[in-house]
Structure formats: C-alpha cells, structure tokens
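>>> Next input, structure requested:
(2 chains)
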Amino acid sequence: MANFDVIFLGGGPAGYVGAIRGAQLGLNVAVVEREGLGGTCVLWGCIPAKALLEAASLATRVKHAAEFGVNVGEVKLDFGVAMKRSRDVSTKNSKGVEFLFKKNKVTWIKGTGTLGAGKSVKVTLADGKAETHTATKAVVISTGSRVKGLPQAGLELNKTTVISSDEALVLEKAPKSIAIVGAGAVGCEFADVFSAFGSKVTLIEVMPQILPLEDADAGAEVARSFKKRGIDVMAGAKLTTAKIGKSKVALTVEAGGAKNEIEADVVLVATGRAANVENIGLKDAGVALTDRGFIKINERMETSARGFYAIGDVAGPPMLAHKGEREGMIVAEVIAGAHFHALNYGNIPNCTYCHPEVASIGMTEAQVKEKKIDYKVGKFPFSANGRARTSGETEGFVKIIRDAKYGEILGAHIVGAHATELIHELAVARENEYTVEEIELAIHAHPTLSEAIAEAVLDAMGRVIHA
Amino acid sequence: MATKVFMEALSPTMEEGRLAKWLKNEGDAIKAGDVLAEVETDKAIMELVARGEGVLRKRLVAEGATAPVGSLVGVIAAKDEDIAALVAGAAASAPAGASGTMPVAAPTAALAGSTARPAEPAPTLANGGRSFASPLARRIAGERGLDLTGLAGSGPGGRIIKRDIEAAGAAVGRQPSAVSRQPVVAGADYTDVPLTQIRKTIARRLGESIGPIPTFYLTAEFDVERAAEMRADLTTMGDAFKVSFNDIVLKATATALALHPEVNAHWLGDHVRYWGRVHLGVAVATDDGLIVPVIFDADQKRLSEISAESKALAQRARDRKLKPEEFTGSTFSVSNLGMMQIDQFTAIINPPEVGILAIGAIEDRPVKNAAGAVEFRKRLRVTMSCDHRVVDGAVGARFLQTLRRMIENPLMLVY
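Model (predicted):
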C-alpha cells in the first residue's frame, strides 16, 4: 500500500511517456503493468514488426545486388532467425523503458490493476498476492488495445491456423501460404514480410482499395507494387465462408462479381483492434464509454469521472503509438497544472512500413472533395528523382493537396522508399501553418528524396521543373 | 478589355469620397483585388480595390480631390489599348450606381487559383513590429483585407493562426444592419414580435409626450469592491491578464443582455425585434466625434477577448480605420465617461436600439455595511436610458438587477 500522485494503468507508449513527463514535472508516479514496459508498440507491434520488415527489405534488395555489381551468391532466407532478432530488438527497447523509469524515478508495479474505491488501484501481482495503491491526484487509464478475430466471418482466433499479429510475430518459420484478411497498415506490412520470406500471400480487403484510410492513389500504387511481387491483392472483396481445419484454411471470397476459393496454411486476421475496457472497474468508477466502445475523453484527457483520465488506444482512434505518446505528455501536464498544447488530431502522420512505404498527413483527395474545398493537386514521381534512381528505388510519388486560394497544405501523401521519414517536413509545415510557398522557398538539397516534396509543391503551384 | 475604376460607395451612407492616396502609379501592373487607392468616406478611410486586371493606365482624380460615388477615377487596360475615348468621356458619363455597394476588399473570384502573393502590406502591425502570425494566417488575412493588429492569437506563444483569422473574419463578415431593414421574418438570430394593441397605444401616447423616442432613465449604484479585487489579482498575474474596469462592465453587460433579450432589441416601427445574439456597441470618442464600433457576439467572448477587441476597435476608430460593418449592427450600447471623472450621466439611445448604458466613474463612497458601521467602498453609478415603447420600468430594472449581480459578484462572469 503506497500513495502516489498519479497512477497509470498500463505501461505502453501512452502510459510510459505520460509517467516520465509527470516525473519531469515533479509528480510521484507509478505505472501498473503486468507484461514488459512499452506495451503493444514495443512488444507486439511497431518495433518487432519493423525489425521483420527490415529483414524483408534486405531480402528484397539483396536479390537485386548483382545489378549494383555486388555478387552475394545464393540467398537463403530463415524467418526463424529474423523473428529471433526481432524479439531481441523488442526486449532491448523494453529494457530501455525500464532504464528510463529508474532514471526518472517512476515506480513500476508489476501486476494487473483494477480501479478501486476513490482513486485507489487494486493490483494483483504475478504471484497472486493483491495490494492496493492510492493516487492523490489522478488515475490515468492507458490500458491500450488488443488483437481481435473476426468471429462474424467465422474467423475466431485459434493461434494456429487463424492467427493475429501477436502470433505472426513469433512464428518459427514463414508459412508456405498465408491469407491476410484486412489490408490496413498491419495487413500490408505482414503481406510484405511473408512475401519476402517466400510465402504465397493473398491479401483480402473489403473496402474498394487496400490501405483504405490512405489516399486512393497511395492504395493503388502499393497494390501495383504488391502484384508485381506476386502478392495476390483482392480489394472490394467480401469473405463469404471460412472453413478452418487443423493445418489448412479454405476461404471463399467474392470480388468483382467472381467467387474465389483460397486455400492457405494460415489466415492472419488484421481487421482492427479492440480497446481494453473490460475488467478494470470502469463502470464502478463512473467512467463512460463512447458508442464505439472507447473511453470518452475531452481535450484535457478527462473522462466522465473526476480524477480519472484516459489516453492512448483505449481513449479512441487513431490507434497510433505517437498519438498515445502525445496524449501521455498532455495528461501529465494537465495533472501537474502545467501549460499544455491541445492535440491537433487532424495533424497526426500515418505511416505504413511495407515496401514501398506509405506516409501521409492531413486529408485525402476524396475527403477534400467531400468537404467541397477548392483545391489543387501536385504530384511528383520518384522515377524522376535523381536520388531514387541512384538507389534503384523509383516506385512511388509525393502528392500534395493544397487549398486553391490560400495555399494551405490540406494533405500530403508519400509512397516510396523512406516515405515514413520524409513525411515530417510536412508535419512541421502543417503544424506551423506554412503554405506551399514556404516549403518551396526552403532549399532542398540535391540529390535527395526530399526534392520530390519540393517538386510536388511546385507542381501544385503549376511550376514543376523536373517533370 | 479596359476596366473602368469608379468611386465606389464604400459605406452605406457615402455620397462622395476624397481620394486620400493613390497606392498604384500609372503604368503599374494590376491584378484583380489589388488595392488601388485609399478613399476617405464620411466615416473612415477605406480601400478602393481593382475589379479587373491589366495596367493602371490613367489616374483621373488627383490625391486630395473629392469625387462623387459612381464617377470614373481611373482606367485599367492592356498596355497598348486605346483608352482615349474612355478618358475623354470620363467627365460626362458617370453611370450612377454602376459600381454598387460591394464590400470592401472582398476577395474576388479572379484571385482564386493564383498562387502569387498579392503585394498588400495589410497584415503588418501598426507599430512596425513583427506580427506573430503563421504564414497561412497572414496570407488569409492579406487576401481578405483583415488587419491583424489587436487580434488575439491562440497558437503557441499567442501566435495568430488560421482559426483566429476565421473567428475574426466571421465577426467582420456579418452585416446585421442590412438584415434589420428587412420585413418581418423570424430568423435564427432574433425573434420578431408584432405589436400588441396596448404596446401600440403606449408607443403613441408616450411618443406624443416626449419626442420620437420616449426615454426614461434608471440609475443604480453598484458595489465594485470585488471587481476591483479581481482586476488587481489579474494584474498581478502579469500584463497579459490585465483588463480594465470597462472590460469587466462590457463583459457583465453582454452576459446580462443574453439573459434579458427584452432589452436586447430593436424598435422597428411596426414591430419589435428581440435579438438572440448580443452585439454590443461601445461608444468611442474620436477627434471627429462619436462612433460606436461593435463587439459582435460579445456574450460568447471571454473577458480577455472583449478586452483585446474593445481596445483594438477603439484604436481603429481613432485611426479612422473602421469599416462600415464594424460600426453597424449593434443590439445594445454602452457609453463610459468614468475615465473623465463624470459621476453619472445619461446617454442618448442609438436607434433602433432600445437601451444604452451610461457608466460613470468609480469612487470611494461611504456605505453602511452589514454591521451597521459606515465604511468606504468602491462604488460605480450606471444609468440606463430605456425606450419606453419597448422597455417598461420594471423590465429595465430587472436587467439592472442581473447586471448588479454580475458586477458585484464578478466570479459569475466566469461561470
């Protein structure tokens, strides 16, 4: 039994960042976390997935090494080794968060927490013992989200033939064939990984395009690239039946008026995640949910119950680590009574790390159209960019959507190598309300991939040079 | 194709304008929307905007000269176009009303799609200092002809960002004066109520008795000790939080008006228009005389916003920079002579409004406290002039009761 100023329930990117920021502001902070620190991001998402994607990228590039005059002989791929490296990276990152906790004097209470009376938190420790801690200022719910199956389509997770990203990250070897249901960021990234490691991949998406949250051009570009690499991409595809065997699955998918029978060793369900709102005592604490099942918060991260805050995935979409991290900082500043800057939910970058990478910020062209904004589009292909040619990575483009009158950057969409790094120029620009002109005025070094951004901006102004 | 530049009716009552200053020379390239000249109207100095593009070929009116509305003051045409006939006919043919009453500096359709920055100097601060505004905010302000001076920024470090411009633009863009002359319709912003027989009789009888607006006066003395404390507390928190007594009175009046639409009204002859929005007129003395700029939706604004806006409006009024839409459309007005040590006075109603509040000076006056002892406390006298055709004595008094609660318990202003 101990008293803290603030107790965070969950040590993922939202909770651990909030805890560190709170400690910086002089608060006595504890984090209740039953698994390792870092949450889904570090343990079961961003970090290990990116480690696998890096392996996939290397596998793909090494096949083209001879074109660069580098002969590497026969290439052998071993998914098991890539997976173990991915777990190592994940563990190291989690240890890194533990170090940060020690440095900032944040207490990690290892166990499962539930909300108790007042602002107390009951924690069941790993050995089954229970203890109660009290927060004097606030309790922050940062319990995150978890994988889910698609039972309405007959895809209940069984962890062998019907798996989620959690299982995909610890497979000993790549399956011979895999069907991936849901072509959002997670689906596309695993399609990339397994395809690179030799699996026969079928990617199934119910929406008319893969990466349905991205601009239509981005979805089309990735679909084209995937098809070229032998991934069977089915968009606008409806899963009608699923037969799940012990070592095989058979799916019936209707797409484009035709019925397709798909057999695969494994089906990976990547159709979204569920918020962890159950069994933590939200109802008794008076914490209300939205109609979509997330915790309802305001811009100060306050829930409907005084003294209770919520951040990260459990507090609503977008379910992104960097959104949760920022909410963590804000909640700490609010609780400490420090100045905080409200989160602009319209300016959060989206990144998908498949190859080619996809990154975007702001609105898609369809959204701009729907809002009846008078806009202009500028687009520049990496095939016309010097740096992209030197590295042989000429897929993709930069697309800039600007307000016709004021030059406001309404949306930016990048497909191509390092797109997820390139997008931040536009994040800074939009955060500071730079228009296309300020981007154009900033000199972009030659030769760089970033030049494609400057050229796309010029194109949006009707002045493109290199296309 | 040549474009004639006419002296435009830049305010609702303007009949002629003095061309104060040409901002473009003969031979300058002109884009639609460029500001050609500054024109002094009966109310303010306004911008004359180009309605076409080409080259400013001829300036027909010298700086300082006066020209009637509708007369030709210049010609925009292609570089080599023959404009002799146009120039020759200038004196004879001045198509009255041809220019209409376009709002000043309205962004024209021709500008859409152009990415070149117009060469307007508009959004720089009057004091020549840096204007802390995002590039996008500066650009929108420039194209809409908005002045960033005095605008409160809500971005990091008080920087002016897009949403601040949009909020300011929404206030400026409204033109309730035009609306108020329309026939009886119930809009979202107000409710029109036909006159009952008794109201008609009251109106006629009282009008006969006292003049066009049968006015009576209600005076009340408020205790402003706590308001003074609040103001002192805010001041100690830093200059950024400093507000004047007048700001507190404006905020309280606006809040009270929102609760008393019966005094937030217009007398329109055959009906009364009760406004659902509070557009507060604030009388400002200028070298040229009295003008009443308007804080639109004052009840929706925070004390800091009211403070910043009233300060900016007063400055612009003294600089004769107010646009017509900035001094028309008020639903109730306040006049303050407290800073000139006037204890109490009566103000003249600004029709079609039905009330005006006259604010006197704050003074330490002896009052009997709860313990029965005499104590000196800060007191403020306000006098409300009421149009008896709409506002009866008890109605005005109830409004003043609410106002008293607000001012004597200033925490209510943040409730």
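
>>> what about residue A:391, how many neighbours?
A count of nearby residues for residue A:391, using other C-beta atoms under 10 Å in any protein chain shown, gives 13. C-beta: built from backbone N, CA, C; applies to glycine.

>>> Please report the distance of it from chain B.
With distances taken as C-beta to the nearest C-beta, to the nearest Å, residue A:391 is found 32 Å from chain B.

>>> Check residue A:87 too.
40 Å.

>>> and if you look at residue A:448?
23 Å.

>>> pretty sure that residue contacts residue A:390?
No. Using C-beta atoms under 8 Å, residue A:448 is not in contact with residue A:390, being 10.6 Å away.

>>> Looking at the two, which one has more neighbours?
residue A:448 (16 against 10).

>>> Which helix or strand contains the nearest residue to that one once chain neighbours are set aside?
In space, and not counting its chain neighbours, residue A:448 is closest to residue A:387: 5.3 Å by C-beta to C-beta, 6 or more residues apart in numbering or on different chains. In the assignment (DSSP states H and E), residue A:387 maps to helix A:386-391.

>>> who's in contact with the helix or strand just after that helix?
Counting by DSSP H and E, the next helix or strand C-terminal to helix A:386-391 is strand A:397-403. For strand A:397-403, contacts defined as C-beta atoms under 8 Å, 6 or more residues apart in numbering or on different chains pick out A:215, A:217-218, A:221, A:362-365, A:368, A:373-382, A:408-416, A:422, A:426, A:435-436, A:452-453, A:455-457, A:459-461.

>>> how does the chain divide up, domain by domain?
Defaulting to chain A. What automatic domain parsing lists as the domains of chain A is A:3-147+A:274-345, A:151-271, A:356-460.

>>> ah, I was thinking of chain B
Split by automatic domain parsing, chain B gives B:3-107, B:135-173, B:183-414.

>>> ok so, going back, mind giving me TSV with the domains of chain A and columns for mean pLDDT?
Below are the domains of chain A laid out as TSV (pLDDT from 0 to 100):
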stretch	mean pLDDT
domain A:3-147+A:274-345	95
domain A:151-271	96
domain A:356-460	96
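
>>> Could you check how many residues crowd around residue A:227?
Under the neighbour criterion other C-beta under 10 Å, residue A:227 is assigned a count of 12.

>>> burial of the nearest residue to residue A:450 once chain neighbours are set aside, as a residue count?
Spatial nearest neighbour of residue A:450, chain neighbours left out: residue A:444 (5.0 Å); criterion: C-beta to C-beta, 6+ apart. Here the count is done by other C-beta under 10 Å, and residue A:444 has 17 residues near it.

>>> Where does residue A:444 sit: helix, strand or coil?
Recorded secondary structure, residue A:444: coil (DSSP: H, G, I helix; E, B strand; the rest coil).

>>> quick one: it from chain B, how far?
Counting by C-beta to the nearest C-beta - residue A:444 and chain B are separated by 18 Å.

>>> quick one: that residue and residue A:457 touch, right?
No. The pair residue A:444 / residue A:457 is not scored as a contact, 9.5 Å apart, by C-beta under 8 Å.

>>> Would you mind listing the residues in contact with the closest residue to chain B within the stretch 101-250 of chain A?
Distance from chain B to each residue of the stretch 101-250 of chain A (C-beta to the nearest C-beta) is smallest for residue A:215, at 21.5 Å. Listed by C-beta under 8 Å, 6+ apart, the contact partners of residue A:215 are A:360, A:364-366, A:399, A:411, A:413.

>>> Selecting buried members of these in ChimeraX, what would you type?
Here is the ChimeraX command that selects the buried residues among these (16 or more other C-beta atoms under 10 Å in any protein chain shown):
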select /A:360,364,365,399,411,413
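
>>> who in chain A is up against chain B?
By C-beta under 8 Å from any C-beta of the partner chain, the residues of chain A that approach chain B are A:341, A:374, A:376, A:404-408, A:432-438, A:461-462.

>>> redo that, cut-off 7 Å
A:341, A:374, A:404-408, A:432-435, A:438, A:461 (C-beta under 7 Å from any C-beta of the partner chain).

>>> Now these in JSON lines, please, with extra columns for distance to residue A:201.
Converted to JSON lines, the residues of chain A next to chain B look like this (distance: C-beta to C-beta, whole Å):
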{"residue": "A:341", "distance to residue A:201": "42"}
{"residue": "A:374", "distance to residue A:201": "41"}
{"residue": "A:404", "distance to residue A:201": "41"}
{"residue": "A:405", "distance to residue A:201": "45"}
{"residue": "A:406", "distance to residue A:201": "44"}
{"residue": "A:407", "distance to residue A:201": "42"}
{"residue": "A:408", "distance to residue A:201": "39"}
{"residue": "A:432", "distance to residue A:201": "41"}
{"residue": "A:433", "distance to residue A:201": "42"}
{"residue": "A:434", "distance to residue A:201": "40"}
{"residue": "A:435", "distance to residue A:201": "42"}
{"residue": "A:438", "distance to residue A:201": "42"}
{"residue": "A:461", "distance to residue A:201": "40"}
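
>>> Let me have those in CSV, extended by secondary structure and distance to residue B:266.
Output for those, formatted as CSV (DSSP: H, G, I helix; E, B strand; the rest coil; distance: C-beta to C-beta, whole Å):
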residue, secondary structure, distance to residue B:266
A:341, coil, 42
A:374, coil, 37
A:404, coil, 40
A:405, coil, 36
A:406, coil, 36
A:407, coil, 42
A:408, strand, 39
A:432, coil, 44
A:433, coil, 39
A:434, coil, 45
A:435, strand, 42
A:438, helix, 46
A:461, coil, 48
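
>>> and which of those residues is nearest to residue B:77?
Taking C-beta to C-beta as the measure, residue B:77 lies nearest residue A:405 of the residues of chain A next to chain B, at 26.3 Å.

>>> Assess the claim that the residue nearest to residue A:448 and residue A:445 are in contact.
No. Residue A:387 lies out of contact with residue A:445 (C-beta atoms under 7 Å); the separation is 9.5 Å.

>>> Looking at those two, which one has more neighbours?
residue A:387 (18 against 9).

>>> Return the set of residues that bridge with residue B:3.
residue B:76 (DSSP bridges).

>>> Grab the nearest non-local neighbour of the closest residue to chain B within the stretch 351-467 of chain A.
In the stretch 351-467 of chain A, no residue comes nearer to chain B than residue A:433, which is 3.3 Å away by C-beta to the nearest C-beta. Counting by C-beta to C-beta, 6+ apart, residue A:433 lies nearest to residue B:134, which is 3.3 Å off, once chain neighbours are set aside.

>>> Check what pLDDT the one you found gets.
At residue B:134, the pLDDT value in this model is 88.
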